[in-house]
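A.B. asks: Take a look and give me a structure for this.
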Amino acid sequence: MLEQYDLHNLLVIDIETVPQYSSHNQVPEHLQKLWELKSKNQRKDETAEDFYTSAGIWAEFGKIVCISAGIFTGGKDTGLRIKSFAGHDEKELLTKFSSLLFSQPANLVLCAHNGKEFDFPYICRRLLINGLPFPPQLQIAGKKPWEIAHLDTMELWKFGDYKSYTSLNLLTAIFDIPTPKDDIDGSMVGHVYWNEQQLDRISTYCQKDVIATSQLLRRYRGEDLIKDEFITIIGQ
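C.D. replies: As a prediction, this is how the structure comes out:
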């Protein structure tokens, strides 16, 4: 499976997002009303104020605080090199990530777990909101599905079955891949960012998701996992 892909022309990414404001009462009044309407069908018995901790899920009410990107290296002994773009200034973060993509071939394949539903469209929306140009790898408007060079490890696992969501945590468990969820999970990122102010911790978590997704790709291809000594994390 996936033998047609050259791993060295593939970039594995993961993003971490948080609500744009530290609490609901910090949100401008006109946006509070729009948030109440947007979240109405999702929050069930919760108030819009209580549910605001989940606002990072939506690009209209959240922001990206970290993007981690991993590229495969080496030949016989395949390795992985990971770089993270993390910060409080989303525009600066996106500019740096975009510069990476602009420096790569236009046909570079982007890969993420649930990327087609979340990571890729979220990045595109936030690029647009911040007035930034789209790198060629994210130019999808007007393209046919088979013309878009995006891989989604969750979609691949479905094999055409669209009934359910399968988490990266579950797939790493059944493929015997070390779990990235040994500290925090996605539901905790907003709290860790706004209340604990631990961006480095979020960056580490994001990097672990990139490693897990990359290892899952290896399993899909029937290949051995990348050894820890061949995984390198470089600074921003």
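
A.B. asks: helices or strands up against whichever strand or helix holds Ile211?
C.D. replies: Using DSSP states H and E, Ile211 maps to helix 199-220. Applying 3 or more C-beta pairs under 8 Å, 6 or more residues apart in numbering; DSSP states H and E, we find helix 199-220 packed against strand 10-19, strand 62-73, strand 79-86, strand 109-112, helix 153-158, helix 168-174, helix 189-194. In short, each C-beta sits where N, CA and C put it, glycine included.

A.B. asks: In a markdown table: the ones you listed, plus mean neighbour count, mean pLDDT and distance to Asn130.
C.D. replies: Converted to a markdown table, the helices and strands packed on helix 199-220 look like this (neighbours: other C-beta atoms under 10 Å; pLDDT from 0 to 100; distance: least, C-beta to C-beta, whole Å):
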| stretch | mean neighbour count | mean pLDDT | distance to Asn130 |
| --- | --- | --- | --- |
| strand 10-19 | 24 | 97 | 14 |
| strand 62-73 | 23 | 97 | 9 |
| strand 79-86 | 20 | 96 | 14 |
| strand 109-112 | 24 | 98 | 19 |
| helix 153-158 | 17 | 94 | 27 |
| helix 168-174 | 16 | 94 | 27 |
| helix 189-194 | 19 | 94 | 18 |
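
A.B. asks: Which one of those lies nearest to Phe134?
C.D. replies: Nearest of those to Phe134, taken as C-beta to C-beta: strand 109-112 at 12.4 Å.

A.B. asks: So what touches that closest one?
C.D. replies: Residues outside strand 109-112 that contact it (C-beta atoms under 8 Å, 6 or more residues apart in numbering): 5, 9-15, 118-120, 137-138, 149-153, 213, 217.

A.B. asks: quick one, which residue of the protein lies the farthest from its center?
C.D. replies: Relative to the C-alpha centroid of the chain, counting by C-alpha atoms, centre = their mean, Glu29 is the outermost residue, at 29.6 Å.

A.B. asks: measure that one to Tyr21 for me?
C.D. replies: Applying C-beta to C-beta, to the nearest Å, the value for Glu29 to Tyr21 is 12 Å.

A.B. asks: One more: Lys91?
C.D. replies: Look at Lys91 and Tyr21: by C-beta to C-beta, they are 17 Å apart.

A.B. asks: Have a look at these two and say which one is more surrounded.
C.D. replies: Taking other C-beta atoms under 10 Å, Lys91 and Tyr21 do not tie; Tyr21 has more neighbours (18 against 15).
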